[in-house]
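*Asks:* Quick one, fold the following:
(one chain, ligands or ions: 1)
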Amino acid sequence: MTKFIFITGGVVSSLGKGISASSIGRLLKNRGLNISIQKIDPYINVDAGTMNPYQHGEVFVTEDGAETDLDLGHYERFIDVNLTQYNNVTTGKIYSSVISKERRGDFLGATVQVIPHITDEIKSTVRSIGKKKKEKVDVVIVEIGGTVGDIESLPFLEAIRQLRNDIGKENVLYIHVTFVPYLEAAKELKSKPTQHSVKELREIGIQPDIVICRSQAKLSKEVKNKISLFCDIKKEGIIEATNVESIYEIPLIFEKQGLGDLIIKLLNLKCKGPDLKEWERMVDKIYRPQREVRIGVVGKYISLKDAYISITEALLHGGIDNNCRVKIERIDSDKVKDYSSKDPFKGINGILIPGGFGKRGIEGKIETVKYARENKVPFLGICLGMQCAVIEFARHVINLERANSTEFDTDTPFPVLDLLPEQKGVKIKGGTMRLGAYPCKLEKNSLAFKSYKQEMVYERHRHRYEFNNLYKEKFIEYGIKFSGIYQDLNLVEIIEIPDHPWFIGVQFHPEFKSRPNRAHPLFKDFIKASILNNK
Ligand code: GLN
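*Replies:* Next up, the predicted model:
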């Protein structure tokens, strides 16, 4: 029987529920259990693809091309699994499915209601995740987005409450992540918000088995006793989660407090003991770097850290592999204008331009590429970053004045990036870009091949515009190497400038495939090249 762990959050948002869920996944995986993980987002969007990264952070893309919540990125990185569209459920998805069933006549005669129709749909979606994999799934971890008390998450909480009755108490575990604030004036940690939050959960019929208490300082015995008494949770089930320098330490912190064994006991799971040696070695490497490197990330969403979270993580992974601490400087592309008077890249060892949409900030990114190309600073351009490199090269090396992508200038005389004919008629915005993994064939004599060490690679995409092949010969003539091609449609995937220490632009998003213990080859080599650029 597949077991379920439901993770809810209380008191405030942004507690790092996703990281708690991922860390629990890691603890169970290291006990040899086969696990799956799902994120439930109570918003009405069908998927995260149509949301602004300013509001919601990065859109994470899965192998099968789903545009999902950024927590799926944490899940993939911590648990080292490839997830799919089924691992992210939203209110929008649930309602569209119920409404189309109603139109089809599946409920003929009935009044379609939140209970039981919506809750049944939620339950069957949650339960089906365990059946999607070929091998038997031992544990499914389900994280419910939002905070307990929100109106929009109520149907989900009701559904998970019912599920414990449906499949048996011994097969379901509830974990609540809360916040224990430190009051400076009283010099005390306060347990009351946690008590209230658990009370709110109990009002809807859910008694948590475990609480994970996020706090600034360690919980005293008294605070733990209080939470245990008022929330009716055994002391061993009060887990503390204080702030840490690296999120990758959290599984180890949980393990030390016995969380892994407790889950095994409560769910009556049969498995081997934990093997966290490799993970410990990795965390040790993170905390003991031998050098430091500064990477400039030039984008327009820099005010929100989560907007480029997979890029940030992938850079750190590249650092781990090179025994190096990566310091990331987020640089606003709108501010990179005329760098001849003031050098915005002073002390920066490598420059990365991430993906993005829309015209704003483009000219600053093009200036950034010019700087990296002329000053021989290692450069990695991702998706829009690669497209900016193409525009820069066209304008300043080939002298195609006003060259541009038709995304930013529909009247450009030199559309070096353009829509494919099949994208030209697309009117609907949701889920219609080139999405998910596509094969890319590498040229043997290239930087990319040197990194990947294989000829065929599969990388994830999320874009509409492509390099315009009408200009290919001109670019080659002026020294660009097209080192990766999607052969079926003859699309450019990777560009390089050979006359440069390390300059690569990729149309895809390598950051989504990087893992802390298996850095993506391009990030690994980008950091390596940046270390060497220490003038
Ligand atoms: N806006 C560009 C396109 O649609 C790049 C997208 C991206 O960087 N993800 O092609």
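
*Asks:* Can you give me the first-to-last residue distance of stretch 514-524?
*Replies:* 10 Å (CA to CA, to the nearest Å).

*Asks:* So what touches that stretch?
*Replies:* 76-78, 80, 248, 278-279, 282, 310, 313-318, 320-322, 380, 448, 451-453, 504, 506, 510-511, 513 (CB atoms under 8 Å, 6 or more residues apart in numbering). For glycine as for every other residue, the C-beta is placed from the backbone atoms N, C-alpha and C.

*Asks:* Return the set of buried residues in that stretch.
*Replies:* Neighbour counts over stretch 514-524 (16 or more other CB atoms under 10 Å) mark 514-517, 519-524 as buried.

*Asks:* most distant residue from the middle of this protein?
*Replies:* Largest separation from the mean C-alpha position in the chain: residue 109, at 43.1 Å (CA atoms, centre = their mean).

*Asks:* Relative to residue 522, how far out is that residue?
*Replies:* 57 Å (CB to CB, to the nearest Å).

*Asks:* what do you get for residue 78?
*Replies:* Distance, residue 78 to residue 522, using CB to CB: 21 Å.

*Asks:* ok, now residue 430?
*Replies:* Relative to residue 522, and taking CB to CB, residue 430 is found at 29 Å.

*Asks:* Ok, residue 481 next?
*Replies:* Look at residue 481 and residue 522: by CB to CB, they are 15 Å apart.

*Asks:* what do you get for residue 461?
*Replies:* Distance, residue 461 to residue 522, using CB to CB: 15 Å.

*Asks:* What of residue 253?
*Replies:* 31 Å.

*Asks:* Same question for residue 6.
*Replies:* Distance from residue 6 to residue 522, counting by CB to CB: 37 Å.

*Asks:* repeat for residue 403
*Replies:* 26 Å.

*Asks:* swap in residue 390?
*Replies:* 18 Å.

*Asks:* same question, residue 275
*Replies:* Here residue 275 is placed at a distance of 30 Å from residue 522 (CB to CB).

*Asks:* One more: residue 505?
*Replies:* 11 Å.

*Asks:* again, but for residue 471
*Replies:* Distance of residue 471 to residue 522, given as CB to CB: 24 Å.

*Asks:* Is there contact, residue-wise, from the lowest-mean-pLDDT helix or strand in the chain to the ligand?
*Replies:* Within the chain, confidence by mean pLDDT, DSSP states H and E is lowest for helix 53-56 among all helices and strands, at a mean of 79. No - interface with the ligand: helix 53-56 contributes nothing (CB under 6 Å from any ligand atom), its closest point being 10.4 Å away.

*Asks:* which secondary structure element contains residue 173?
*Replies:* strand 172-180 (DSSP states H and E).

*Asks:* Can you report the mean pLDDT over the residues of that strand?
*Replies:* Across strand 172-180, the average pLDDT comes to 97.

*Asks:* now do stretch 152-159
*Replies:* Averaged over stretch 152-159, pLDDT sits at 96.

*Asks:* Check stretch 376-393 too.
*Replies:* Mean pLDDT, stretch 376-393: 98.

*Asks:* close to the ligand, is it?
*Replies:* Yes - contact of stretch 376-393 with the ligand (CB under 6 Å from any ligand atom) involves 383-384, 387.

*Asks:* Show only the entries of the contacts of stretch 514-524 found in helices.
*Replies:* Counted as lying in helices by DSSP state H, out of the contacts of stretch 514-524, are 76-78, 278-279, 282, 310, 313-318, 320-321, 448, 451-452.

*Asks:* Parallel or antiparallel, list what pairs with the strand holding residue 173.
*Replies:* Here strand 172-180 is paired, per DSSP bridges, with strand 3-9 (parallel), strand 210-215 (parallel).
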